[in-house]
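Enquirer: Just the structure for this:
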Amino acid sequence: MDIIELFLDEENEHSGIEAISVVESPAIESDFIALKNQEIKMAQVDKEKRILMGAALIPNKPIYRKNEKDEGYYVYFSSDTVKKASEMFLIRGNQSKATLEHQMAIQNLTVVESWLVDDPKMDKSVKYGLDVPKGTWMVSMKVNNDEIWNDYVKTGKVKGFSIEGFFSDQANRPKEQIEEELKADTLLKKIKDILNDKKEEI
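Expert: Residues are numbered from 1 along each chain as shown. Modelled structure (predicted):
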């Protein structure tokens, strides 16, 4: 089975992450946490923060894909690519670009925090029960969209983040290394077919 590294072509202005999608089954298999504020405000009313925190990209995570011929393969992002992708996402001002299940653009969802996990044991995500490896790109997204929050987040219809954008690829990762990871990760889920040979929705 092919093992393909996806990377950024920094000379291509279209390369990189265009938006973050909220989805039911994130390919990286890392659900987000919906944060609520339990503190009593001046009006004596508990108000929701409406913030989603979760992993946007996990380095070296094998992700199962299928092509138009229904042939399976795996893709992954190196730590360096995850770092560059997170930086380019912010530099290009894509913080407020969001979609629902990669199908339609949605308004009033904005990334308000973005960071790379440096110490998995001390990272702020640990406080909320998230367990991600070093180099993971974490985001917190503010949801000022009543329909998305009430009908999708609260009901559990969406459970995690999924990035979408344009990447190049190369199949040069040692197969022995990724095969070991695949043996240890038996819960990989199939995600939707590639729309074309360049656009990746991950």
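Enquirer: For the residue nearest the centre of the chain, give me phi and psi.
Expert: Among the residues of the chain, the smallest C-alpha distance to the mean C-alpha position (Cα atoms, centre = their mean) belongs to A56, namely 2.5 Å. Backbone torsions for A56, taken as degrees, to the nearest 10, come to phi -90, psi -40.
Enquirer: ok, now which ones touch it?
Expert: I17, I20, S86, W137, M138, V139, F161, I163 (Cβ atoms under 8 Å, 6 or more residues apart in numbering). (Each C-beta comes from the backbone N, C-alpha and C, glycine too.)
Enquirer: Wait, L116 touches P133, no?
Expert: No: checked against Cβ atoms under 8 Å, the pair L116 and P133 is beyond contact range at 10.9 Å.
Enquirer: Pick out whichever of the two has more residues nearby.
Expert: L116 (17 against 13; other Cβ atoms under 10 Å).
Enquirer: Can you get me the centre-to-centre distance for the biggest helix by length in the chain and its chain?
Expert: For the chain, the helix that runs over the most residues, judged by DSSP state H, is helix 79-91. When C-alpha coordinates are averaged (Cα atoms, centre = their mean, to the nearest Å), helix 79-91 and its chain have centres 12 Å apart.
Enquirer: now swap in stretch 156-172 and tell me
Expert: 6 Å.
Enquirer: Likewise for stretch 83-98?
Expert: On Cα atoms, centre = their mean, the centre of stretch 83-98 falls 12 Å from the chain's centre.
Enquirer: and what of stretch 53-71?
Expert: The answer for stretch 53-71 is 10 Å, by Cα atoms, centre = their mean.
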